[in-house]
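S.K.: The following comprises the amino acid sequence and a computationally predicted model.
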Amino acid sequence: MVKENLETVRKTIPSGVLLVAVSKTKPVEDIQEAYDAGQRVFGENHALEMRDKHEVLPKDIDWHFIGHLQTNKIKYIVQYVRLIHSIDTFNLLQAVNKEAVKHDKVVDCLLQFHIAEEETKFGFTLDEIENCNVETQDFASVLASMKNVRICGVMGMATNTDDMEQVRKEFRHLKEIFNTLKAKYFADCKWFKDISMGMSHDYPIAIEEGSTMVRVGSKIFGERNYN
């Protein structure tokens, strides 16, 4: 049913919004079926699983890393990853830059913000960005010092709740954060344009609130496989 599910989801997503098919925990056969149906962008949240899938699947897939990334796992994905959605600390950003230098490439990244009313979510706050003091450098100076990462936008996850007005409020807050960062730090950067928000249960609201990139898994592949 992957092909049929994918076609159904695509009909609900307007042009200009990128569909990231979240394939974490799913077998390569399911990903191949989605690929054969025209999908080229897939999201994974474990570096080693993503590495193993990259090795056996078509090489024109755009792999997005969407989960919490450990610094010791960056080396497994930096060579080929298209976009890292989940940069949630300055230390992680510096570690990605350091690894990217080894491969003489620039890695596109999104800054993950904590917008949900849940402690289990990761991410920056806007205050942490604006009051950045890494090795006595402010945020703009930190960015300028790292030549092998490129910040392309923001990512966030809303609270897991049935209260869609709360979800909408949180997505709206992320859009406001994006606008603030764009005006203050990235006004001349045409690549700073992405807002990754919205998953299977809430992506229509995310699109209404300005998402340019939605991460949809269960509506395409079914529920996760944990075994």
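M.R.: That came in fine, so what should we check first?
S.K.: List the residues that contact residue 88.
M.R.: The contact partners of residue 88, by CB atoms under 8 Å, 6 or more residues apart in numbering, come to 68, 111-112, 122-124. To be clear about C-beta, it is placed using only N, CA and C from the backbone, and glycine gets the same treatment.
S.K.: quick one, what contacts the residue most central in space within the chain?
M.R.: For the chain, residue 85 is the residue whose C-alpha lies nearest the centre (CA atoms, centre = their mean; 2.5 Å). Shown in contact with residue 85 (CB under 8 Å, 6+ apart): 43, 64-66, 110, 112, 155, 196, 215.
S.K.: Ok, residue 64 next?
M.R.: Contacts of residue 64 by CB under 8 Å, 6+ apart are 20, 41-44, 81-85, 215.
S.K.: Highest neighbour count among those residues?
M.R.: Among the contacts of residue 64, residue 85 has the most neighbours (other CB atoms under 10 Å), with 29 neighbours.
S.K.: would you say that one is within a strand?
M.R.: Yes - Residue 85 forms part of a strand when assessed by DSSP: H, G, I helix; E, B strand; the rest coil.
S.K.: Just give the nearest non-adjacent residue to residue 171, would you?
M.R.: residue 209 (4.0 Å; CB to CB, 6 or more residues apart in numbering).
S.K.: Can you show me the helices along this structure?
M.R.: Using DSSP state H, the helices assigned to the chain run over residues 2-10, 28-36, 47-56, 90-102, 126-130, 139-145, 164-185, 203-208, 218-221.
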